[in-house]
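S.K.: quick one, structure for this:
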Amino acid sequence: MGYPSRIRLPAVLAVVWGVLAVVAGPSLRAAEDVDVTGVWSHEGRFGRTELTLASDGTCQRVTVRDEKQAREVGRYTVKGDVLEIRTTDGQVAQQTVRRFGDKLRLTDKSGVLVLDRAGPAPATLGKIQVPTGPVGGLGNKPLTPRLAVERSQTGHILYSRWLTDAPAPRRVICLMDGQGRGQSPFIVPPAPWDAFEPTWSADGTKIAFSSNYELTRSALNADIFLIDLRTGSVRRATGNEQAPPATSGKAKILVIPGGTVANSEVVLDNLRVCWQGGDGKTIKPLGEKRKTLIEDVPANQTIWIKARANGFVGCLKVIRTPGPGKTAKVDFNVNTGMPLATSPSLTPDGRYAVVLWQHAFYDPHPREKPRIMHGSYHLLGLKVVMEGSGERFAHESGFDTIAVIDLAKGTPPVSGWDPIQMGGQFAKHPRVSPDGKSVLFTMGHLPMESIAVCSLDSLAAGKPQPKVLAQGQLVPAQYHLGHSYPAWSPDGKRIVFCQSYCSMDMNFTSNLWVANADGTAARQVTRLQLNQAAAYPTWSPDGKRIAAQVITSRREVLNPLDIATGNVVSDIYSIAADGTDPQQLTNDGRSAEPAWGP
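M.R.: Purely as a prediction, here's the structure:
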């Protein structure tokens, strides 16, 4: 789009109660179960949500946003203070529930949601049948695609769609054909996790995507997942969730967190420690020094340990465990931050992926009056920075780079782009060429980024030699010219990218441009309004059309603050590569990040 932020932190985790989901049979409540029956409502910035919990265990959620209404139905159960809701499409959410008179408070990992009673409970919402099954402990099965993908003449478009229920939105991946028909959920992780930024392999047999699913099993703060459509298998390709080799002896690790964090008592109260081989378990550091003892780790093995409070406060360490019966002390500086792997692009042979490799950390010494914060927002698929001086966001910092991942081994990366070595230039939005020889990417600093290309071999060797194809620049006292989100045509002979104009007061717009693979003969394809911006362009399999995300502000101009506050809508459009025949494919205002495949 030409206005991504310097750092991309993970999105705020999902809505507290998620989307509605299911349990067969009526809800059977013991005397100690919380009475949740009734009609409950919440007014939020994304609209109004009404949750109806009928007496027989049926339920529905109605969301009204921008005069558009969406309805989902399912069943629920209450056991003690745990509310479980399942929808007819198989989504499952569990929350701790408390009732205070005419208010219902739902709590899970993402926070607290308070709903007001709007009416009495109906006896039933009708006959609702839902799939059943266990919750949790399913490995990566919750990420299994819900639909079979068969080749079609128009191809298929994967895209992310926001579930915008307050207080924290989350993304799922949907599927439609190249004309926008058959829009259906495709990859739907259970709340509170996200799935986003899907991409296809060149032969259409694999799909890679980004997710923060079960981060306690990963060394990273976001991972690349890989789906083999021929077998239906799903695996985490980064983060090294594999348990270390078993040994004859056990050792202990004493973790001692440290560092300087504003509002430290509140932040560090959320600190949790997880480790390789811990099967997703976490330990909360306690006491004045918040020490944590990890017991029964394999002796004499190399493992990772992660201490995490939020998306940018935490630390990752790789250590060698001591011998049998011994204890090793490990000091953690939670200002250090943690890496993330997102935005995958697969090589034609499926062996490697070039990814956006980021590092998010806490800066204890920000500028006294920061004009532009380093914090970023995952809103409608765009990364933006905000002007202001809020304490929390002033401390968020980090950097973007790109790296080559061996999918057979996962992280750490084979090698990649070193911003220091490359003169302080950041890199993002990597795309591997159809022949697997080159990598197209965005290079530089917002809002004057450039489109560049380098060989995959040079990037894998850690010595990229970039060639600029579209140069970002500043037109003094007028505007910034930037470029971003490049993509190869299927035959590798052309590229598409977004060119943006950003005014001195930070209003911006962006359009699609097409050029030869060497950057020559560039021409404008779209002519959007001043309150619109294009992002994530993707070619149809035959190279005749281009789909892209289009963001539209509800004001006359588009500003990063509009995106940060949700004052925009986002949909997927397609257009012929010559700029004719534009078509709107989605109309929900929450669709983003399209990827066109077979």
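
S.K.: what's the local residue count around the closest residue to P413 other than its chain neighbours?
M.R.: Nearest-residue entry for P413: A403, 3.6 Å, with adjacent residues in sequence omitted and distances by CB to CB, 6 or more residues apart in numbering. In short, each C-beta sits where N, CA and C put it, glycine included. A403: 26 surrounding residues under other CB atoms under 10 Å.

S.K.: residues contacting A403?
M.R.: 341, 354-355, 357, 413-417 (CB atoms under 8 Å, 6 or more residues apart in numbering).

S.K.: swap in A243?
M.R.: Counting by CB under 8 Å, 6+ apart, A243 has contacts 276-277, 279.

S.K.: just among those, which is most surrounded?
M.R.: Greatest neighbour count in the contacts of A243, by other CB under 10 Å, goes to Q276: 24 neighbours.

S.K.: is that one in contact with W304, as I believe?
M.R.: Yes: if you go by CB atoms under 8 Å, Q276 and W304 touch, sitting 4.8 Å apart.

S.K.: joint contacts of those two?
M.R.: Common neighbours of Q276 and W304 (CB under 8 Å, 6+ apart) are 219, 240.

S.K.: what domains does the record give for this protein?
M.R.: Taking automatic domain parsing as the domain assignment, the ranges for the chain are 250-333, 417-598.

S.K.: can you give me the helices for this protein?
M.R.: Assigned by DSSP state H, the helices in the chain fall at 264-268, 391-395, 456-460, 560-564.

S.K.: which of those comes out lowest on mean pLDDT?
M.R.: For the helices of the chain, mean pLDDT drops lowest on helix 391-395, to a mean of 46.

S.K.: that older thread, ChimeraX command to pick out the buried ones of the contacts of A403?
M.R.: The buried residues among the contacts of A403 can be selected in ChimeraX (16 or more other CB atoms under 10 Å) with this line:
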select :341,354,355,357,413,414,416,417
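
S.K.: nearest to Q478, of the contacts of A403?
M.R.: W417 (30.7 Å; CB to CB).

S.K.: on that earlier part again, quick one, which of the domains of the chain is nearest to R71?
M.R.: Per CB to CB, nearest to R71 of the domains of the chain: domain 417-598, 13.3 Å.

S.K.: ends of the closest one, how far apart?
M.R.: 31 Å (CA to CA, to the nearest Å).

S.K.: cool, stretch 190-205 as well?
M.R.: Note: stretch 190-205 ends 25 Å apart using CA to CA.

S.K.: now that stretch: buried residues?
M.R.: Under the neighbour-count criterion of 16+ other CB under 10 Å, stretch 190-205 has 190-202 buried.

S.K.: same check on stretch 341-348?
M.R.: Of the residues in stretch 341-348, those buried (16+ other CB under 10 Å) are 341-347.

S.K.: does L407 touch V354 like I think?
M.R.: No: here L407 does not reach V354: they are 11.0 Å apart, not a contact under CB under 8 Å.

S.K.: low-confidence ranges, the stretch 301-450 of the chain, go.
M.R.: 364-396 (pLDDT under 70).

S.K.: which stretches in it count as strands?
M.R.: 302-308, 314-320, 327-333, 338-346, 352-362, 377-379, 382-384, 396-406, 410-416, 427-432, 438-443, 450-455 (DSSP state E, counting those that start in this stretch).

S.K.: give me the helices and strands touching the last one, please.
M.R.: Applying 3 or more CB pairs under 8 Å, 6 or more residues apart in numbering; DSSP states H and E, one finds that strand 450-455 contacts strand 438-443, strand 467-470, strand 479-488.

S.K.: among those, which comes closest to P560?
M.R.: It's strand 479-488; of these, that one is closest to P560 (CB to CB) at 12.9 Å.

S.K.: just the CA coordinates for the closest one, please, in PDB.
M.R.: This file holds the C-alpha atoms of strand 479-488, laid out as PDB (Å, rounded to 0.1, in the frame of the first residue of the first chain):
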ATOM      1  CA  TYR A 479       4.400  14.500  -1.100                       C
ATOM      2  CA  HIS A 480       6.200  11.200  -0.600                       C
ATOM      3  CA  LEU A 481       6.200   8.700  -3.400                       C
ATOM      4  CA  GLY A 482       6.300   5.100  -2.200                       C
ATOM      5  CA  HIS A 483       6.000   1.500  -3.600                       C
ATOM      6  CA  SER A 484       5.000  -1.700  -1.900                       C
ATOM      7  CA  TYR A 485       3.300  -5.200  -2.200                       C
ATOM      8  CA  PRO A 486       5.000  -6.400  -5.400                       C
ATOM      9  CA  ALA A 487       3.900  -9.700  -7.100                       C
ATOM     10  CA  TRP A 488       5.100 -11.700 -10.100                       C
END
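
S.K.: and the angle for that strand with strand 338-346?
M.R.: 60 degrees (axes from the mean of the first three to the mean of the last three CA atoms, to 10 degrees).

S.K.: offset the numbering so it begins at 52, please.
M.R.: Let's use 52 as the start, then, which means that last one is strand 530-539.

S.K.: how about the contacts made by the nearest residue to T589 once chain neighbours are set aside?
M.R.: Excluding the flanking residues, the one nearest T589 by CB to CB, 6+ apart is W647, at 4.4 Å. W647 makes contact with 206-208, 229, 251, 589-592, 598, according to CB under 8 Å, 6+ apart.

S.K.: which regions of the stretch 202-351 of the chain lie under the pLDDT threshold?
M.R.: In the stretch 202-351 of the chain, residues with pLDDT under 70: 215-219, 311-319, 338-340.

S.K.: 50 - rerun?
M.R.: 217-218 (pLDDT under 50).

S.K.: could you check how far the residue nearest to T589 is from G283?
M.R.: W647 sits 22 Å away from G283, going by CB to CB, to the nearest Å.

S.K.: same question for S625.
M.R.: For S625 relative to G283 (CB to CB), the value is 29 Å.

S.K.: of those two, which one has the most company?
M.R.: S625 (23 against 11).

S.K.: list the contacts for the closest residue to the more buried one other than its chain neighbours?
M.R.: Spatially, and ignoring its direct neighbours in sequence, S625 is nearest to A598 (4.3 Å; CB to CB, 6+ apart). A598 sits next to 208, 229, 588-589, 591, 623-625, 636, 645, 647 when contact means CB under 8 Å, 6+ apart.

S.K.: ok, now R122?
M.R.: Contacts of R122 by CB under 8 Å, 6+ apart are 111-114.

S.K.: reformat those residues into CSV and put neighbour count next to each item.
M.R.: Supplementary listing: the contacts of R122 in CSV, determined by neighbours: other CB atoms under 10 Å:
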residue, neighbour count
Q111, 20
R112, 22
V113, 16
T114, 21
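
S.K.: out of those residues, who's nearest T267?
M.R.: R112 (28.2 Å).
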